[in-house]
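S.K.: could you work out the structure for the sequence below:
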Amino acid sequence: MAFHKLLDQVGGLGRFQILQLIFLCISSLIVYSHILLENFTAAVPGHRCWVHILDNDTISANGTGLLRQDALLRISIPLDSNLEPEKCRRFLHPQWQLLHLNGTFSNTSELDTEPCVDGWVYDRSSFSSTIVTEWDLVCQSQSLKSMAKFSFMAGMLMGSIISGHLSDRWLAESARWLIITNKPEEGLKELRRAARRNGVKNAGDTLTMEVLRSVMQEELEAAKSKPPACDMFRIPNLRKRICLLSFVRFANCMSFYGLTLHLQHLGTNVFLFQILFGIVTLPANYIALLALNHLGRRISQILFMLLVGIFFLTIPSVPQDMQTLRLVLSTLGVGFSSAALLCSFTHGNELMPTVIRATASGIIGIIGNIGAALTPLLMILTVYSPHLPWIVFAVFSILAGLVIILLPETRNRPLPDSLQDVENKKKGSRKAEQEDISIKVTQF
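M.R.: Numbering: from 1, shown residues only. Okay, the predicted model is just below:
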């Protein structure tokens, strides 16, 4: 556990690390914006059935052109329970008698209606064109919109699997990982490069192979017997960690993307929702860092996940006409979900030993992306009940918060380097704390 000494020699948190962080942030911003586009490219504008007497440009030739649009709409489209024009049905024949109701509406449910056999008319005031208007993904075909979102998220999942191997061509490897995986020469090269970027002079004189071997002696000895990736599932304690972390990440991603990908299910002004969702993530992540530093990894995640579950149960119960309250609750829900996701990343990385940290993090990330990809499919459940998807999100969030209790705390604890560190964690935890009491490698 002496790698922190080498980091001190290369300048600690300097220009090299900051530049890498900036480049990673830029790439993340570019990718994330494409995900958010689904809220606009797949938006469902207001719509109703196309009606011959109302929408045919040549209709004025038979005399009905003298009637106003609202009158023609009244005799052509039935009203729903909110006294708004039906979106998926029209009268089989024009109901001329409705013109004489003088603003009062009788029960029109008994009149003959039919589906929108001739297509739909869309309100293009906010969205001139979306995949919904192009392919008529409404009414009986509304579930296909969720399938389109699922296809996008599934493509992102496959891309993360394939591109993970390609990323090694452009990203600098972790010096610690290179040393632990029995590549000390390459690790030393990365350390020297970091030192030069940080402005440390004479790095070649202080960072030598002899210094590296003396500082990292125990880690290099353990690296001589590099374990295969399948060994992570043979050790009960490590297998338990991976399974629990995968479930937590699955629930985290499901709750986060369940909110951010379905703005129209939350309120009418998707533009305002998107702006506030983007703004709230900044203070939410800062609050998450404070919680991780003061409350620890487990308590922070439990708190945030339980709050997310509560908000998922609360939002659907708020009436649609109370848009301000729905906006506030949804924004807070996204903030807590974002904070929980940050805590999950931190806790997961600190629980995995260095020799398989990249592989284990990749597996956990894939499970999380599966949860994100499933969120559009869960929204199909709104056909049966508008509250059902949110209840599912809430159940997974609350269960994830309870599952975290089974994971060990990592705040102010040394990072595990080998599989043996995890295997013998319970037996030698007290002894390790006494020997390494001065090493606080996981404190922010």
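S.K.: how far does the helix ranked longest in the chain sit from its chain's centre?
M.R.: In the chain, taking DSSP state H as the definition, the longest helix is helix 323-351. Averaging C-alpha positions (C-alpha atoms, centre = their mean, to the nearest Å) puts helix 323-351 9 Å from its chain's average.
S.K.: what are the buried residues along that helix?
M.R.: 323, 326-327, 329-351 (16 or more other C-beta atoms under 10 Å). C-betas here are computed from N, CA, C, even on glycine.
S.K.: elements contacting that helix?
M.R.: helix 236-260, helix 270-294, helix 297-314, helix 357-378 (3 or more C-beta pairs under 8 Å, 6 or more residues apart in numbering; DSSP states H and E).
S.K.: for the second one, buried residues please.
M.R.: Just to be clear, that refers to helix 270-294. Buried, per 16+ other C-beta under 10 Å, within helix 270-294: 270, 273, 276-277, 280-281, 284-285, 287-288, 291-292.
S.K.: can you pull the poorly scored residue ranges out of this protein?
M.R.: 1-4, 12, 57-67, 101-110, 164-168, 170-173, 203-204, 218-231, 424-444 (pLDDT under 70).
S.K.: can I see the domain layout of this structure?
M.R.: Residue ranges for the domains of the chain, per automatic domain parsing: 47-122, 227-444.
S.K.: run the chain-centre distance for the first one.
M.R.: So that's domain 47-122. On C-alpha atoms, centre = their mean, the centre of domain 47-122 falls 42 Å from that of its chain.
S.K.: got the angle for the longest helix of the chain vs helix 297-314?
M.R.: 150 degrees (axes from the mean of the first three to the mean of the last three C-alpha atoms, to 10 degrees).
S.K.: just the angle for helix 323-351 relative to helix 236-260, thanks.
M.R.: Using the same axes, to 10 degrees: helix 323-351 against helix 236-260 is 160 degrees.
S.K.: quick one on the thing from earlier: could you dump the buried residues of helix 270-294 to TSV with distance to Asn182?
M.R.: Written out in TSV, the entries for the buried residues of helix 270-294 read as follows (distance: C-beta to C-beta, whole Å):
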residue	distance to Asn182
Val270	52
Phe273	50
Leu276	49
Phe277	45
Val280	45
Thr281	40
Ala284	40
Asn285	36
Ile287	40
Ala288	35
Ala291	37
Leu292	32
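S.K.: so which of those residues is the closest to Asn202?
M.R.: Leu292 (36.6 Å; C-beta to C-beta).
S.K.: ok, the closest one to Tyr384 distance?
M.R.: 39 Å (C-beta to C-beta, to the nearest Å).
S.K.: which non-adjacent residue is nearest Gly296?
M.R.: Nearest non-adjacent residue to Gly296, counting by C-beta to C-beta, 6 or more residues apart in numbering: Arg411, 4.4 Å away.
S.K.: what kind of secondary structure is the one you found in?
M.R.: Under DSSP: H, G, I helix; E, B strand; the rest coil, the three-state class of Arg411 is coil.
S.K.: any idea how many residues pack against it?
M.R.: 20 (other C-beta atoms under 10 Å).
S.K.: that one against His294, yeah?
M.R.: No: contact criterion C-beta atoms under 8 Å: Arg411 and His294 do not qualify, at 9.1 Å.
S.K.: tell me the angle the longest helix of the chain makes with helix 357-378.
M.R.: Using the same axes, to 10 degrees: helix 323-351 against helix 357-378 is 150 degrees.
S.K.: show the contacting residues for the residue lying closest to Ala284 once chain neighbours are set aside.
M.R.: Spatial nearest neighbour of Ala284, chain neighbours left out: Gly335 (3.7 Å); criterion: C-beta to C-beta, 6+ apart. Applying C-beta atoms under 8 Å, 6 or more residues apart in numbering, we find Gly335 in contact with 280-281, 283-284, 287.
S.K.: tell me how far Gly335 lies from Glu423.
M.R.: 38 Å.
S.K.: ok, now Leu377?
M.R.: Leu377 is 38 Å from Glu423, by C-beta to C-beta.
S.K.: with Trp96 instead?
M.R.: 82 Å.
S.K.: which one's more surrounded, these two?
M.R.: In this view Trp96 and Glu423 are compared by other C-beta under 10 Å, and Glu423 has more residues nearby, 17 against 10.
S.K.: hang on, that one packs against Leu238?
M.R.: Yes: here Glu423 reaches Leu238: they are 7.1 Å apart, a contact under C-beta under 8 Å.
S.K.: which stretch of helix or strand covers Ile22?
M.R.: Mapping Ile22 onto the secondary structure by DSSP states H and E places it in helix 15-36.
S.K.: what residues sit buried inside that helix?
M.R.: 16-17, 35.
S.K.: what's the offset of the next helix or strand after that helix from the middle of its chain?
M.R.: Moving toward the C-terminus from helix 15-36, the next helix or strand (DSSP H and E) is helix 38-41. Here helix 38-41 is found 16 Å from its chain centre; the criterion is C-alpha atoms, centre = their mean.
S.K.: buried residues, helix 38-41. List them.
M.R.: Neighbour count says helix 38-41 has 38-39, 41 buried, by 16+ other C-beta under 10 Å.
S.K.: quick one: the residue lying closest to Pro94 once chain neighbours are set aside from Ser418, how far?
M.R.: Spatial nearest neighbour of Pro94, excluding adjacent residues (C-beta to C-beta, 6+ apart): Ile75 at 4.7 Å. To Ser418, Ile75 is 78 Å away according to C-beta to C-beta.
S.K.: likewise Leu207?
M.R.: 24 Å.
S.K.: thought Gly309 was touching Gly401?
M.R.: Yes: counting by C-beta under 8 Å, Gly401 is a contact partner of Gly309 at 6.8 Å.
S.K.: more neighbours, those two?
M.R.: Neighbour comparison, Gly309 and Gly401: the larger count goes to Gly309, with 25 against 22 (by other C-beta under 10 Å).
S.K.: and the more buried one, how far from Gly333?
M.R.: Taken as C-beta to C-beta, the span from Gly309 to Gly333 is 10 Å.
S.K.: and the strands in the stretch 101-250 of the chain, which stretches?
M.R.: For the stretch 101-250 of the chain, strands defined by DSSP state E, counting those that start in this stretch occupy the ranges 113-115, 120-122.
S.K.: Leu245: which of those is closest?
M.R.: Nearest to Leu245, of the strands of the stretch 101-250 of the chain and by C-beta to C-beta, is strand 120-122 at 44.4 Å.
S.K.: which strands and helices lie in contact with that closest one?
M.R.: strand 47-49.
S.K.: what residues are up against Asp70?
M.R.: Here Asp70 is in contact with no residue (C-beta under 8 Å, 6+ apart).
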